[in-house]
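Undergrad: build me a structure from this.
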Amino acid sequence: LELCQLDKVYLHNISNYNKIVNQRNNLLKQIGFDSALKDTLDIWDMQMVNYGRKVIETRRMFIAQLNEWLEQIHGRLTGNREKLRLVYQPSTEPEDFERVLLSKRDQDIRMKMSGTGPHRDDFLFMVGEVDIRKFGSQGQQRTAALSLKLAEIELVRQSIGDEPVLLLDDVLSELDSSRQNYLLDCIKDIQTVITCTGLDEFVNHRFNIDRIFKVTDGTVDFVNEVVG
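TA: Take a look at the predicted model:
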């Protein structure tokens, strides 16, 4: 999703790739009723490989760029106790895509769906040898998500020179004081919308608040004051 906002060429490639996968999946279903249609798979496979290779290569470059910021930001958020990195797991390498797709054609026909390609890609949030998306604590997962968003903000600045709006939902309640301080320092120059259950935590950290809206029983009131 982030790449789609930053890279128009990637958006073009992934949009075409997804359309081709849908068309190929429809064809795989039809082959069950008319085996002669199997011969037309070559046309879709060729286009799928063409766009799929470009998608994989762009994703790999993006993850590498993201990791440069992610390691620094997550290190500061955790007091350098953890080193976070994203590991991209493509379902196939670009140079092997055509061969793997062909080798699994009969399986795809049986399953009536395309089992190989960027639509099957995944990535891991690794701290050491542990994927914290699956095995991390709630605090680790929350901190990793914050690190990822802050890293994405830096990439947006670097890529298009724009300042995104950051939305944070009750974010400080699960962070210790050092992580809170670092987070607030990171976002002081970013337009940020924060939801929380109380203002004390922000006031105590001398966090500049431009506008306050109080929601009570579904009613929103503007608090006519500025806290700094």
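Undergrad: longest helix anywhere in this protein?
TA: Counting residues, the longest helix in the chain under DSSP state H turns out to be helix 41-77.
Undergrad: list the buried residues of that one.
TA: Buried positions in helix 41-77, judged by neighbour count with 16 or more other Cβ atoms under 10 Å: 41, 44-45, 47-49, 51-56, 58-59, 62-63, 66-67, 69-71, 73-77. Every residue, glycine included, has its C-beta placed from N, CA and C.
Undergrad: how far away is residue 7 from residue 160?
TA: Taking Cβ to Cβ, to the nearest Å as the measure, residue 7 and residue 160 are separated by 10 Å.
Undergrad: and for residue 136?
TA: Taking Cβ to Cβ as the criterion, residue 136 is separated from residue 160 by 31 Å.
Undergrad: go on, residue 213?
TA: When residue 213 is compared with residue 160 (using Cβ to Cβ), they lie 30 Å apart.
Undergrad: just residue 148 next, same as before
TA: To residue 160, residue 148 is 18 Å away according to Cβ to Cβ.
Undergrad: neighbour count for these two, which is higher?
TA: The neighbour count for residue 148 versus residue 160, taken as other Cβ atoms under 10 Å, is higher for residue 148 (19 against 12).
Undergrad: in this structure, what residue spans correspond to helices?
TA: Counting by DSSP H, the chain forms helices over residues 2-6, 8-31, 41-77, 97-103, 105-111, 132-135, 138-160, 177-187, 200-204, given from the N-terminal end onward.
Undergrad: of all these, which lies closest to residue 118?
TA: Relative to residue 118, the nearest member of those by Cβ to Cβ is helix 41-77, separated by 4.4 Å.
Undergrad: mean pLDDT per helix and strand in the chain: which one sits at the bottom?
TA: Across the helices and strands of the chain, mean confidence by mean pLDDT, DSSP states H and E is lowest for helix 200-204: a mean of 59.
Undergrad: quick one: furthest residue from the center of this protein?
TA: No residue in the chain sits farther from the centre than residue 36, which is 40.5 Å out by Cα atoms, centre = their mean.
Undergrad: contact partners for residue 113?
TA: Under the criterion of Cβ atoms under 8 Å, 6 or more residues apart in numbering, the contact list for residue 113 reads 25, 28.
Undergrad: kindly report the same for the one 5 residues further on.
TA: With contacts taken as Cβ under 8 Å, 6+ apart, residue 118 has the following neighbours: 14, 17, 52, 55, 56, 59, 90, 91.
Undergrad: for this structure, which spans come out with low pLDDT?
TA: Within the chain, the stretches with pLDDT under 70 are 199-208, 224-228.
Undergrad: one more time with 90
TA: Low-confidence segments of the chain, defined by pLDDT under 90: 5, 32, 76-81, 137-140, 142-143, 154, 156-216, 218, 221-228.
Undergrad: okay, residue 213 and residue 193: tell me how far apart.
TA: Using Cβ to Cβ, one gets 10 Å for the distance from residue 213 to residue 193.
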